[in-house]
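In: The amino acid sequence is not available; the structure is as follows:
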């Protein structure tokens, strides 16, 4: 149970059965009047947002959210399948729920799956993932139309700009937060 | 350098300006023969208020405003007083709130709240002039013209005009603050500062009833660009009536499960000797915000509680 004085940006609440995250928060208090807690909330299931002003007498349920380590198995018909290696329990996430992380989902990649009660809501993947370059144009010396960078396609189908010296079959490290190339990885 | 040190470095210009503002305020009151006082920040009993929570300090309290002691000085015959001091209110933290903040409070014996409104007008004009801002300046993209007269609008009129509701009805439905904040304040003090005047009696625990309308009290708030800067009123000087209102606040705090606030007996004793007077508290940090074009209060103080 939370009180109004616990409210802050990032806090996750359960409202009418759904999990919400506070995306904006401001404390307001007119003169010697009651304190008001103005919040913008985002539904963690469907993304819908609303604004509401709470009072100091209001109380709130915590959203029962848990993260579980699970391994990516496969994608089928737009659904992404993950498995808990301890219990062998499997869950499916939609493309919307996976979002940009889909670009970096290698088979067997370990991800954190966010659950609300028993329902999978979202995913967070490691900040750095090593991936193999599947397709790259060979490096033509002197061809520097795009500086020293060139586009390549990684094993997940993700297109990324890399330095010209990166070849097909190389392994590179990608920052999954920015989607950008970091370095070539030698094995 | 740590992030916190960088934050402090970035505040140098506004802290310098804050110093100039404080100097201008002192000169303003000294020139008008006000006595600057320092009253204790730590006192055994406060004026009980339903919605002001204080920090306990041993079995005493850190004062949420210096009013109790300053009014006792009025009762002792001091006529024009001012004080710049730290005040403390638990649980108040937001873009315009700090749990430890600075108030400028002043009192005039033999005056009513209209004299304080005139003080506000002159104080702001003088201070802005001293800073080289002139009569017109900009706060957060909004032009402010200090040219007189400033708007005076009653609570009743403001609620009707901006929210289409009767203030008493809003109060009865326990929606007064919500409507004030969401629908009324966003219209107050744009173009030039404004005074919101004549509050319903239950919202003015220490203020005198208005002679020609006993439903309201002679209380006002000063607004600039929707931000409340000061709260002033004609003082209630009837100890029996004051005790009754305090008792009500004490009982309401009990009902709400809030920390008890003892009856300030020495204050009530002295109130019978207090002359007709008017007093006002102005949020110094907020005045500095307006005069340094700061969006949040964090920018005008060296430290916020999160940095400690």
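Out: Received it, and whenever you're ready, just let me know what you need. In this text the structure is predicted, and so the values were computed from the model without any measurement.

In: Which single residue of chain A ends up nearest chain B?
Out: residue A:27 (3.0 Å; Cβ to the nearest Cβ). Every C-beta, even on glycine, is put in place using the N, C-alpha and C of the backbone.

In: tell me which residues form a beta bridge with that residue?
Out: residue A:37 (DSSP bridges).

In: How much space separates it from residue B:95?
Out: Between residue A:27 and residue B:95 the computed distance is 8 Å (Cβ to Cβ, to the nearest Å).

In: Of the two, which one has the most company?
Out: residue A:27 (19 against 15; other Cβ atoms under 10 Å in any protein chain shown).

In: residues in contact with residue 19?
Out: In the absence of a named chain, this looks at chain A. Contact partners of residue A:19, counting by Cβ atoms under 8 Å, 6 or more residues apart in numbering or on different chains, are A:12, A:13, A:43, A:44, A:45, A:63, A:64, A:65, A:116, A:121.

In: which one is the residue nearest in space to the middle of chain A nearest to, not counting chain neighbours?
Out: The residue lying closest to the centre of chain A (Cα atoms, centre = their mean) is residue A:124, at 4.4 Å. Closest residue to residue A:124 apart from its sequence neighbours, by Cβ to Cβ, 6 or more residues apart in numbering or on different chains: residue A:112 at 4.6 Å.

In: correct me, but the one you found touches residue A:65?
Out: No: applying Cβ atoms under 8 Å, one finds residue A:112 not in contact with residue A:65, separated by 11.4 Å.

In: Close to chain B: what parts of chain A are there?
Out: Proximity of chain A to chain B, by Cβ under 8 Å from any Cβ of the partner chain, involves residues A:5, A:26-36, A:38, A:53, A:55-57.

In: Restricted to strands, list the residues you listed.
Out: Within the residues of chain A next to chain B, residues falling in strands by DSSP state E are A:26, A:27, A:28, A:36, A:38, A:53, A:55.

In: what's the closest of those to residue A:178?
Out: Among these, residue A:26 lies closest to residue A:178 (Cβ to Cβ), at 30.0 Å.

In: What number of residues are in the vicinity of that closest one?
Out: What residue A:26 shows, counting by other Cβ under 10 Å, is a neighbour count of 17.

In: just to revisit the earlier point, so the residue nearest to the centre of chain A sits against residue A:109, correct?
Out: No: at 11.6 Å, residue A:124 does not count as touching residue A:109 under the criterion of Cβ under 8 Å.

In: pLDDT score for the residue sitting furthest away from the middle of chain A?
Out: Most distant residue from the mean C-alpha position of chain A: residue A:32, 42.7 Å away (Cα atoms, centre = their mean). For residue A:32, the pLDDT comes out at 81.

In: That one: what's it in contact with?
Out: Neighbour list for residue A:32: B:49, B:51, B:52, B:203, B:205, B:231 [criterion: Cβ under 8 Å, 6+ apart].

In: wouldn't the last one be in contact with residue B:280 here?
Out: Spelled out, that is residue B:231. Yes: assessed by Cβ under 8 Å, residue B:231 is found in contact with residue B:280 at 6.8 Å.

In: now the helices: where do they sit in the stretch 201-308 of chain B?
Out: With DSSP state H, counting those that start in this stretch as the criterion, the stretch 201-308 of chain B has helices at B:239-255, B:265-271, B:284-292.

In: Show me which positions of the last one end up buried.
Out: Of the residues in helix B:284-292, those with enough neighbours to count as buried (16 or more other Cβ atoms under 10 Å in any protein chain shown) are B:284, B:285, B:286, B:287, B:288, B:289, B:290, B:291, B:292.

In: And the fifth one, how close does it get to chain A?
Out: Translated: residue B:288. For residue B:288, the distance to chain A (Cβ to the nearest Cβ, to the nearest Å) stands at 19 Å.

In: Can you tell me, leaving aside adjacent residues, what's nearest to that residue?
Out: residue B:300 (4.2 Å).

In: Please look at the one you found and residue B:290 and confirm they touch.
Out: No: the criterion here is Cβ under 8 Å, and residue B:300 misses it with residue B:290 at 9.7 Å.

In: before we move on, back to that, ranking the helices of the stretch 201-308 of chain B by burial, who's on top?
Out: The highest mean neighbour count among the helices of the stretch 201-308 of chain B, using mean count of other Cβ atoms under 10 Å in any protein chain shown, belongs to helix B:284-292: a mean of 23.

In: So which elements touch it?
Out: Helices and strands touching helix B:284-292, by 3 or more Cβ pairs under 8 Å, 6 or more residues apart in numbering or on different chains; DSSP states H and E, are helix B:12-31, strand B:100-109, helix B:113-130, strand B:227-234.

In: Can you classify residue B:70 by secondary structure?
Out: Here residue B:70 takes the helix state, with states given by DSSP: H, G, I helix; E, B strand; the rest coil.

In: and chain B, which of its residues are near chain A?
Out: Residues of chain B found near chain A (Cβ under 8 Å from any Cβ) are B:49, B:51-52, B:91-97, B:176-178, B:180-182, B:185, B:203, B:205, B:221, B:228, B:231, B:256.

In: are any of the residues you listed buried, and which?
Out: B:49, B:51-52, B:91-94, B:96-97, B:176-178, B:180-182, B:185, B:203, B:205, B:221, B:228, B:231.

In: out of everything not next to it in sequence, what's closest to residue A:66?
Out: residue A:115 (5.0 Å).

In: Let me fix that, I meant to ask about residue B:205.
Out: In space, residue B:205 is closest to residue B:245, 5.0 Å off (Cβ to Cβ, 6+ apart).

In: these two touch, right, that neighbour and residue B:203?
Out: No: using Cβ under 8 Å, residue B:245 is not in contact with residue B:203, being 11.2 Å away.

In: Could you tell me which ranges of the chain sit under the pLDDT cut-off?
Out: In the absence of a named chain, this looks at chain A. Along chain A, the model assigns pLDDT under 70 to residues A:139-147.

In: actually it's chain B I care about, not the one you picked
Out: Looking at chain B by pLDDT under 70, you get an empty list.

In: Name whatever forms a beta bridge with the residue in it positioned nearest to chain A.
Out: Closest contact between chain B and chain A, by Cβ to the nearest Cβ, is at residue B:94 (3.0 Å). Listed by DSSP bridges, the beta-bridge partners for residue B:94 are residue B:97.

In: Tell me which residues touch it, please.
Out: Residue B:94 makes contacts with A:26, A:27, A:28, A:29, as judged by Cβ under 8 Å, 6+ apart.

In: Please apply the same query to residue B:188.
Out: Applying Cβ under 8 Å, 6+ apart to residue B:188 gives the contacts B:153, B:158, B:194, B:196, B:223, B:226.

In: doesn't residue B:186 make contact with residue B:226?
Out: Yes: assessed by Cβ under 8 Å, residue B:226 is found in contact with residue B:186 at 5.1 Å.
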